[in-house]
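Asker: give me coordinates for this.
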Amino acid sequence: MHGRPRKDRSEEEQQASANKAKQLRSLQSQFLQFHHSKTFTKEALEVSAKLLKANPEHYTAWNYRKLAVEDLLNESGAEIDSETIKSILEQELRLVEDALRKNYKSYGAWHHRKWVLSKGQSSTDHELLLLNQLQKADARNFHAWNYRRFIMGLKNIPNEEELQYTTDMIDDNFSNYSAWHNRSVILSQLSEKRAEGYFPKKDVLVKEYDFVRDALFIDPDDQSGWFYHFWLIDQTTKEESLSVFSWPPHGSGIYASKDGSNNNSNLSPFFNYQSCARTLPLILYFSEPVNGVNSSTVIVEYEYGANVDLTWTPLSTDTKSGAQAWVAYLNLPEDKLPASISYQVNVSLGNSEGIVSFSGIKHCQPLSISFTVHAPSYKSEYEGLNKKRVSWHEECFYVEETEVKNYNLRDFFHALNLNQDERIGVSEWMLETIASEIDYCRDLLATVDCKIGKLTLARLLMAQHSLMSRESLGESSFVHYEEVLQLYNDLTDIDPSHSQYYKDHYSLVLLKQALSDNGFVQKYCRRYRDSTSPINDWSFCLRLNNLSLTRIGSVEQLLWVQMLDLSQNQLRSIEGLEAMQLLSALNLSHNKLSSFTALEPLRLLKSLKVLDISHNEIGEHSIDSRRHLCSSPLTHTAGSDWNFDRYSESERQMSNYWDAYAIFKDLSLIQLDILGNAVADEKLKLLLHKLMPELKWLDGVTSH
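Answerer: Okay, here's the model as predicted:
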């Protein structure tokens, strides 16, 4: 455990372990008989007590003790005097103490002790004495700290007094992580209540930075103070309001044709949208995951549809009902109209309450988003021409400078602040505080090589960038991207055990840098040219290939993308892509995707037609930790949407491909490449053709 080598046990130790297991099995067998028969005799209680002293993690036995106590307290329906009640409860407390001597980190024992104390018949003063003994033995025992907060609540001890206790504990030992954590909990409560002396928040945070700085400079390699410092950074930069990105963006003009052609030269080629279904996705991307997005909280007004008909869907593969990204589909005018039409769409948020973030921030400030939709008449001569095989070869992409040089997509895709007025004047102290911490961190790193100090400096620099861009102070003034990237590279080298964490953050910073550069359109966008088709299936392709990306970020800046090349990276997950509802063609070849379940976000991309997942690692790994994300038809979680009736008897036996079924049954691809994966065989290809009848090309081979 924790890198320590295991030692082979001696014969005597093995025999002792076998005897102990035999004794536990015997106790458990007796206990279960009493439990099932609801027997609460003295003998039964003694058996359960012996079992818990031997194994404090036996949750069923702790639950049995609760049932037994309730039975004793209500025995024969007679009144029981207070001394008898105290005696019964004290017996439980003694049992818990015996169990804690065996394992003082037993969840079941601590929960049982809380349950006993909640009866209100036991001395809380005794509990404080017990806690002092436990915390002397292990000052970082988070179970004891959690229980201490519980006792503080029972005794109504003021938070200010308990805060001083954490100060004393930290002064005694800077490495007391649990004391630092408890301090953050208490300060959060005091700030939320706006207690005297703890508001405004900025005054408290400035004092806390001074307090933790002593610990950081005395022992830079101890992580406890640094983690508290991370919490302070989060509190300093935390938004008190929500921001939102949208597609279509505010002030834009959308050319929504059925065939993908764009005959309106006045509109940006980046806002040409192909809609065979004659619908237009409306996407709202919030700065935090939210609930409550519906036709009551978001009012959409346009000539050819009614707001009440809109259904807002969270774009998330999580089990929670909320999400950062939400989508609704606007119905475009019927096709085959005699002429092109244009109309205005107005979206209003904040006129009624209901949108609330997971952290409790309510959106109640009015916000308006307006854009123009140009819907051309349907031209039958283009029908079917968009079904041409897409090639990802380099020669199919080119830069058309006359088209892209005048377009800066960052002018469109910026956050619309929902509560801007309340933040006026707040950013100054935030920026000053973060700048000051950057200076202190640089001073520390100038004298000692500290890996967590490097990580903190990287976080501080990105926090400074976030504050500056949030207040529209100009991202051009942020010149630390290269320094942050170098810090993560250094951390990857000096701390290889956490290299994946550093690589993920490197990827997020790299994408921020790419998408904040005024010239990123010219650098990363290419026109896709298909010489075999008289029209362009996808106007532009965003090429983020060969960047060593391990994680996808800055998705709010990519809502406009219809063709995306992420090949030649190191992606193990594509979490975040589900928000890109316009995505029609996606290249994920030559990455490190290990299973079909890693493609879970694709189930929410209804416009996806072309997918390349060739040359990944799908099928190479016998154990896939992500398989729980998709329900298997072989388990009780399988629902009615698992329908194998349309498959032959032999096809129904393809249980090895249930995860492929889970992903591809919701897609309508016309082109798919899976070669170069261990799982790709003829049986799988047969299943894929069954799942997607419109599939025309599979690994470059045309179906008949």
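
Asker: remind me, longest helix of the chain?
Answerer: Ordering each helix of the chain by length in residues (DSSP state H) puts helix 11-36 first.

Asker: quick one: Glu620 from Ser252, how far?
Answerer: Using Cβ to Cβ, to the nearest Å, Glu620 is found at 44 Å from Ser252. No exception for glycine: its C-beta is placed from N, CA and C like everyone else's.

Asker: and the two? Which one has more around it.
Answerer: Ser252 (21 against 12; other Cβ atoms under 10 Å).

Asker: apart from its chain neighbours, what residue comes closest to that one?
Answerer: Leaving out its chain neighbours, the residue that sits closest to Ser252 by Cβ to Cβ, 6 or more residues apart in numbering is Phe371, at 4.8 Å.

Asker: A strand includes the one you found, no?
Answerer: Yes - the assignment for Phe371 by DSSP: H, G, I helix; E, B strand; the rest coil puts it in a strand.

Asker: which residues sit in contact with it?
Answerer: Residues near Phe371 by Cβ atoms under 8 Å, 6 or more residues apart in numbering: 248-254, 344-345.

Asker: got a PyMOL select line for the buried ones in the residues you listed?
Answerer: Selection of the buried residues among those in PyMOL, burial being defined by 16 or more other Cβ atoms under 10 Å:
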select buried, resi 248+249+250+252+254+345
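
Asker: dump the contacts of Phe371 to JSON lines, plus pLDDT, secondary structure and distance to Met430.
Answerer: Shown next, in JSON lines, are these (pLDDT from 0 to 100; DSSP: H, G, I helix; E, B strand; the rest coil; distance: Cβ to Cβ, whole Å):
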{"residue": "Pro248", "pLDDT": "90", "secondary structure": "coil", "distance to Met430": "32"}
{"residue": "Pro249", "pLDDT": "88", "secondary structure": "coil", "distance to Met430": "27"}
{"residue": "His250", "pLDDT": "88", "secondary structure": "coil", "distance to Met430": "26"}
{"residue": "Gly251", "pLDDT": "85", "secondary structure": "coil", "distance to Met430": "29"}
{"residue": "Ser252", "pLDDT": "84", "secondary structure": "coil", "distance to Met430": "31"}
{"residue": "Gly253", "pLDDT": "84", "secondary structure": "strand", "distance to Met430": "36"}
{"residue": "Ile254", "pLDDT": "84", "secondary structure": "strand", "distance to Met430": "36"}
{"residue": "Gln344", "pLDDT": "90", "secondary structure": "strand", "distance to Met430": "38"}
{"residue": "Val345", "pLDDT": "90", "secondary structure": "strand", "distance to Met430": "36"}
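
Asker: thinking again about what came up before, now find how far off-centre the helix or strand following the longest helix of the chain is within its chain.
Answerer: For helix 11-36, the following helix or strand on the C-terminal side (DSSP states H and E) is helix 42-54. Mean-position distance between helix 42-54 and its chain equals 43 Å (Cα atoms, centre = their mean, to the nearest Å).

Asker: keeping just the C-alphas, turn helix 42-54 into PDB.
Answerer: C-alpha atoms of helix 42-54 as PDB (Å, rounded to 0.1, in the frame of the first residue of the first chain):
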ATOM      1  CA  LYS A  42     -28.400 -10.800  26.100                       C
ATOM      2  CA  GLU A  43     -26.600 -13.700  24.300                       C
ATOM      3  CA  ALA A  44     -27.400 -12.200  20.900                       C
ATOM      4  CA  LEU A  45     -26.100  -8.800  21.900                       C
ATOM      5  CA  GLU A  46     -22.900 -10.400  23.200                       C
ATOM      6  CA  VAL A  47     -22.300 -12.200  19.900                       C
ATOM      7  CA  SER A  48     -22.800  -9.000  17.900                       C
ATOM      8  CA  ALA A  49     -20.500  -7.100  20.300                       C
ATOM      9  CA  LYS A  50     -17.700  -9.700  19.800                       C
ATOM     10  CA  LEU A  51     -18.200  -9.500  16.000                       C
ATOM     11  CA  LEU A  52     -17.900  -5.700  16.000                       C
ATOM     12  CA  LYS A  53     -14.800  -5.700  18.300                       C
ATOM     13  CA  ALA A  54     -13.200  -8.200  15.800                       C
END
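
Asker: buried ones in that helix?
Answerer: For helix 42-54, the neighbour count (16+ other Cβ under 10 Å) marks 44-45, 47-52, 54 as buried.

Asker: one more: stretch 280-297?
Answerer: Under the neighbour-count criterion of 16+ other Cβ under 10 Å, stretch 280-297 has 280-287, 289-293, 297 buried.
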